[in-house]
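Trainee: fold the following.
(one chain, ligands or ions: 1)
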Amino acid sequence: MRGTAGGSGGRHVRVAVIGAGFSGLGAAVMLRRGGHRDFVVLERSAGVGGTWRDNTYPGCACDVPSHLYSYSFAPGAEWWPRTFSERQDIRLYLETVADTEGVRPHLRLRQDVRAVRWNEARLLWEIASSGGDWTADVVVCATGPLSAPSVPPVRGLGSFPGPVFHSARWDHGADLRGKRVAVIGTGASAVQIVPALAATAAGIRLFQRTPPWVLPRPDRRVTELERRMYQRFPAAAVLRRGVQWGVRELVTHAFTRFPRALSGYEALARAHLRRAVKDPELRARLTPDYRIGCKRILLSSDYYPALALPHVDVVASSLDEVRGSRLIAGDGTAVDADAIVFATGFKVTDPPIADRIVGTGGATLAEAWREGEGMRALRGATVPGFPNLMMLLGPNTGLGNTSMVLMIESQLAYLLDYLRLLEPRGPGEGRIPGEGRGPGEGRVALDPLPEALRAWNEGLDARLGRSVWNTGACVSWYLDADGRNTTLWPGSTRRFRRAVRRVDPGEYARLTGSGADDAAPEVPARAVP
Ligand code: NAP
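Mentor: A predicted model of the protein is given here:
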């Protein structure tokens, strides 16, 4: 694939990170803090922020408390304006981290990575991006599980005369004030969009295939007094974050082992619904019939009040067909609309980046997963046949109830240890048994062993079998087409941190280059300032 994925004309780096969202930016910071300079971050858009840059829908905010939804190395506690951050604050936070941590010189913006191919002879990755070609010893795939919008096929959609767009690609040119807006979906995005739109739209038609469980979102402004306290006593912010983490950590056990223990949350959610929606018929439509936690629990204090407004209609069915400006639901209900917003989620179990990564033997990652046992990775990070490729937030690293930043940081420890394994400092100092090469004596790559992957996944499957996600009687994007949970981590974040603190060399085959390539490298390694 030389000429289409990297090649001899590209620049070589030790590490190429793909994506500058929360995980890619975190990787850049930890690489720098770990003393690495020879790396780039390839980002397809014009700025950092990932999901917090792409999602600009009205009402966009985070449903994890601000203190917990921050890097531990950059708490930002003294300037979070609210207890639950709005999207623009998180974006500003990530921009600030990029500045203060010296990440900018490593960023290569507007570089849409189109192909990433493993060169077996040279033991390196060849990368073709819209901004040029690269080669890298290690590729870190930080593209995020929630980055590729998913829009369901709807018959006749092309006949709709008005604006149609996905929640993560908001069309700010479309003026929805005074319009009848159809919102499709009732996930975490929709519950934020509907109240915001309801304030100015003439009408909302909400297509609800499955009612979500919704709990109150205790959001408020952070007071000046609190801010001063965090400035003066940073330990107070650490303590607050610790409490937020600890409470969620305890609840995790209910999700993974004792789903019945979640029934208290169901009672709370029902009371939340009763308080806001007085109409028993509407309330019945909004009441879930599966165990809370089976799908993501949503936090909102203004969703139910919005649904009770006279100009908001809940169609308890999927959108099946469009005939001009008439929308037909699966149950036959027909409503008219001037605009359609798809809040229908993302391609989580079939991420498009997997079609662009070609490993040993010429198979893409997507093919390897399709032809194997589905989307799996050793410790959420590595896949046999794809040496020196590390995924951040890869398979089974998702969480049901706490901050993904915790998982990202754990994986970054694994990444740094992985790089250490590839870089023995001298004879006898390498962690790989028998290692001890000097600089320039040949490249080394690590390829996870299929049996290690199998053992890891057997452990996951055994634990997932008891979880609310598998037993809660719902259909969710956590499960793939075969019903296997390929997305969530069935344990506490502490357990995950322990599992990925260090790389076990016994789980990897060590590939070594002939050395010929290094003796006369076509593309010399070059440090990025
Ligand atoms: P989502 O959770 O996947 O929800 C998609 C919604 O679209 C579901 O309600 C689904 O119904 C519905 N849907 C799909 N096809 C449909 C059709 N043909 N007709 C009617 N409805 C249809 O997507 P999301 O709301 O964008 O959230 C995705 C993830 O992003 C969240 O789980 C969360 O991890 C993250 N997120 C986080 C925040 C935050 O505050 N931290 C905010 C937004 C998003 P079914 O339920 O029946 O499948």
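
Trainee: grab the nearest non-local neighbour of residue 136.
Mentor: residue 16 (3.7 Å; Cβ to Cβ, 6 or more residues apart in numbering). C-beta coordinates here come from the backbone N, C-alpha and C atoms, glycine included.

Trainee: enumerate the residues of the stretch 301-450 of the chain near the ligand.
Mentor: Contact residues (Cβ under 6 Å from any ligand atom) of the stretch 301-450 of the chain with the ligand: 318, 319, 343, 344, 345, 346.

Trainee: the residue nearest to residue 136: neighbouring residues, count only.
Mentor: Neighbour count of residue 16, defined by other Cβ atoms under 10 Å: 27.

Trainee: is it correct that it falls within a strand?
Mentor: Yes - counting by DSSP: H, G, I helix; E, B strand; the rest coil, residue 16 is part of a strand.

Trainee: pretty sure it sits against residue 134.
Mentor: Yes - counting by Cβ atoms under 8 Å, residue 134 is a contact partner of residue 16 at 5.7 Å.

Trainee: any common contacting residues for those two?
Mentor: In terms of Cβ atoms under 8 Å, 6 or more residues apart in numbering, residue 16 and residue 134 are both contacted by the residues 40, 42, 127.

Trainee: not counting sequence-adjacent ones, nearest residue to the second one?
Mentor: Put plainly, it is residue 42. residue 111 (4.3 Å).

Trainee: thought that neighbour was touching residue 46?
Mentor: No - Residue 111 lies out of contact with residue 46 (Cβ under 8 Å); the separation is 10.6 Å.

Trainee: what about these two, which has more around it?
Mentor: A count of neighbours by other Cβ under 10 Å puts residue 111 above the other of residue 111 and residue 46, at 23 against 8.

Trainee: I'd like to know how many residues surround the closest residue to residue 20 other than its chain neighbours.
Mentor: Excluding the flanking residues, the one nearest residue 20 by Cβ to Cβ, 6+ apart is residue 43, at 3.8 Å. For residue 43, the number of neighbouring residues by other Cβ under 10 Å comes to 28.

Trainee: then residue 331?
Mentor: 10.

Trainee: low pLDDT regions in the stretch 301-450 of the chain?
Mentor: Counting by pLDDT under 70, the stretch 301-450 of the chain shows low-confidence ranges at 424-442.

Trainee: do the chain as well
Mentor: In the chain (pLDDT under 70), the answer is 1-9, 424-442, 514-529.

Trainee: skipping its backbone neighbours, what lies nearest the residue in the stretch 301-450 of the chain that the ligand sits nearest to in space?
Mentor: In the stretch 301-450 of the chain, the residue that lies nearest the ligand is residue 345 (2.4 Å; Cβ to the nearest ligand atom). Spatially, and ignoring its direct neighbours in sequence, residue 345 is nearest to residue 150 (5.2 Å; Cβ to Cβ, 6+ apart).

Trainee: so who does that neighbour touch?
Mentor: Residue 150 neighbours (Cβ under 8 Å, 6+ apart): 344, 345, 346, 347.

Trainee: I'd say residue 282 and residue 304 touch.
Mentor: No - counting by Cβ under 8 Å, residue 304 is not a contact partner of residue 282; they are 9.5 Å apart.

Trainee: those two - which one has more neighbours?
Mentor: Legend: neighbour count by other Cβ under 10 Å for residue 282 and residue 304, higher for residue 304 (22 against 18).

Trainee: any idea how far residue 373 is from the more buried one?
Mentor: For residue 304, the distance to residue 373 (Cβ to Cβ, to the nearest Å) stands at 41 Å.

Trainee: in contact with the residue nearest to residue 136, which residues?
Mentor: 39, 40, 42, 125, 127, 134, 136, 138, 139, 140.

Trainee: quick check: residue 400 is in a helix.
Mentor: No - with three-state DSSP as the criterion, residue 400 is assigned coil and is not in a helix.

Trainee: just give the nearest non-adjacent residue to the residue in the stretch 401-529 of the chain that the ligand sits nearest to, would you?
Mentor: In the stretch 401-529 of the chain, the residue that lies nearest the ligand is residue 477 (4.9 Å; Cβ to the nearest ligand atom). Closest residue in space to residue 477, ignoring its immediate chain neighbours: residue 348 at 5.1 Å, by Cβ to Cβ, 6+ apart.

Trainee: now the one you found: how far from residue 285?
Mentor: With Cβ to Cβ as the criterion, residue 348 and residue 285 are 27 Å apart.

Trainee: what does residue 279 give?
Mentor: The value you get for residue 279 to residue 285, if Cβ to Cβ is used, is 9 Å.

Trainee: which of the two has more residues huddled nearby?
Mentor: The neighbour count for residue 279 versus residue 285, taken as other Cβ under 10 Å, is higher for residue 285 (15 against 11).
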